[in-house]
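Trainee: Everything below, folded, please.
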Amino acid sequence: MVAHAAKFQGQSALLSTELLTYYRQVSQSALTIVDTETTGSLGHNARVIEVSVIKASLADGLQHQETYLINPKVKIPEFITKITGITPEMVYPSPPPEEIWPKCLPLLQEGTFTAHNIDFDYAFLRTEYKRLGIRFYKPPLQKFCTVLLSRLLLADLPSRSLPNLVKHFKFDVDTSHRAEADTKACWLLAKILLTQIQQEDDETLIKRFGQQWIRLQDAAKILNCRKEEAQQKLDAAQVESRLSSRQKVPMYRRWGVETFYYEQQGQQMSLLL
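Mentor: Residues are numbered from 1 along each chain as shown. This next block holds a predicted model:
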């Protein structure tokens, strides 16, 4: 692997060549695809009420799926029921966490941990296992987020949320915001994107990666300087930019940032010779 494992915790700050090496490896691996439905957005004060896990790979397809409703022994907020359709009456007769999580652990420890917006699901799983006194950990190089790869290969879609990608690709899955349907959708998305990684040549993929919009803070990490300095340099070099739709912060085309980076590297090398 080209890049150090710790760097993969912030993948957008990697160069395209490093990302390509990583995704080529992922495309050959067995995937453990996970989706959770929860009582809130933060693992430390919310609980998982449904989990689904798929075992799959490009070589063998979808091999196994298991889905569980979990009684978290806490109140299910009304807004969660509105989003997911999961009611207290559905959850409270279900097994408690101490029955479900040990059962899931062998499968979760296999393969590359995969999810759409992986930080959310992974954090919840680690917290649920911590409550049971069980350590659950996957190194960065054994994790794969389909959101991050969709930003590289589907850079100019208006949204890369899973429900919108289901509509875009016309996936035949059930209603979004249920773990079984979302895990299947994540697998179908991973299958499409990783097949492209396997089948397209390096030059084509590097060009496609270059269309990604990356945050100023990630551009600064690539250039190894402060955000303010990076913004000044990139704007002076007229690298294509825009403001993010939600937070209105600067975003730059990856290809422009990397072109500037390599030009700077070339200048530094010429000074050393």
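Trainee: what residues go with each domain of this structure?
Mentor: Split into domains by automatic domain parsing, the chain comes to 5-204, 213-272.
Trainee: center of the protein, which residue is that?
Mentor: Cys145 (2.2 Å; C-alpha atoms, centre = their mean).
Trainee: quick one, what contacts it?
Mentor: Gln11, Thr114, Ala115, His116, Asn117, Ile118, Asp119 (C-beta atoms under 8 Å, 6 or more residues apart in numbering). Backbone N, C-alpha and C define where each C-beta goes, glycine included.
Trainee: show me the contacts for the last one.
Mentor: Pointing back at Asp119 there. Asp119 touches Cys145, counting by C-beta under 8 Å, 6+ apart.
Trainee: any idea of the mean pLDDT in stretch 113-130?
Mentor: Stretch 113-130 comes out with an average pLDDT of 96.
Trainee: go on, stretch 60-76?
Mentor: The model assigns stretch 60-76 a mean pLDDT of 96.
Trainee: List the buried residues for that stretch?
Mentor: Leu62, Gln65, Tyr68, Leu69, Ile70, Asn71, Pro72, Ile76 (16 or more other C-beta atoms under 10 Å).
Trainee: Kindly report the same for stretch 223-239.
Mentor: In stretch 223-239, counting by 16+ other C-beta under 10 Å, buried: Leu223, Lys227, Ala230, Gln231, Lys233, Leu234, Val239.
Trainee: what would the residues you listed look like in JSON lines with pLDDT and distance to Val249?
Mentor: Formatted as JSON lines, the buried residues of stretch 223-239 follow (pLDDT from 0 to 100; distance: C-beta to C-beta, whole Å):
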{"residue": "Leu223", "pLDDT": "94", "distance to Val249": "17"}
{"residue": "Lys227", "pLDDT": "95", "distance to Val249": "10"}
{"residue": "Ala230", "pLDDT": "96", "distance to Val249": "13"}
{"residue": "Gln231", "pLDDT": "96", "distance to Val249": "10"}
{"residue": "Lys233", "pLDDT": "95", "distance to Val249": "17"}
{"residue": "Leu234", "pLDDT": "96", "distance to Val249": "13"}
{"residue": "Val239", "pLDDT": "96", "distance to Val249": "15"}
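Trainee: What is the most widely separated pair among these?
Mentor: The two members of the buried residues of stretch 223-239 with the most space between them (C-beta to C-beta) are Lys227 and Val239, at 14.3 Å.
Trainee: what's the burial count for Tyr129?
Mentor: When neighbours are defined as other C-beta atoms under 10 Å, Tyr129 has 19 of them.
Trainee: Please apply the same query to Val53.
Mentor: Residue crowding around Val53 was assessed by other C-beta under 10 Å; the count is 23.
Trainee: what sits against it?
Mentor: Thr32, Ile33, Val34, Gln65, Glu66, Thr67, Cys104, Leu107, Leu108, Thr183.
Trainee: partners of it in the sheet?
Mentor: Val34, Glu66 (DSSP bridges).
Trainee: one step back: could you dump the buried residues of stretch 60-76 into JSON lines with distance to Asp174 and secondary structure added?
Mentor: Below are the buried residues of stretch 60-76 laid out as JSON lines (distance: C-beta to C-beta, whole Å; DSSP: H, G, I helix; E, B strand; the rest coil):
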{"residue": "Leu62", "distance to Asp174": "15", "secondary structure": "strand"}
{"residue": "Gln65", "distance to Asp174": "13", "secondary structure": "strand"}
{"residue": "Tyr68", "distance to Asp174": "16", "secondary structure": "strand"}
{"residue": "Leu69", "distance to Asp174": "15", "secondary structure": "strand"}
{"residue": "Ile70", "distance to Asp174": "19", "secondary structure": "coil"}
{"residue": "Asn71", "distance to Asp174": "22", "secondary structure": "coil"}
{"residue": "Pro72", "distance to Asp174": "22", "secondary structure": "coil"}
{"residue": "Ile76", "distance to Asp174": "20", "secondary structure": "coil"}
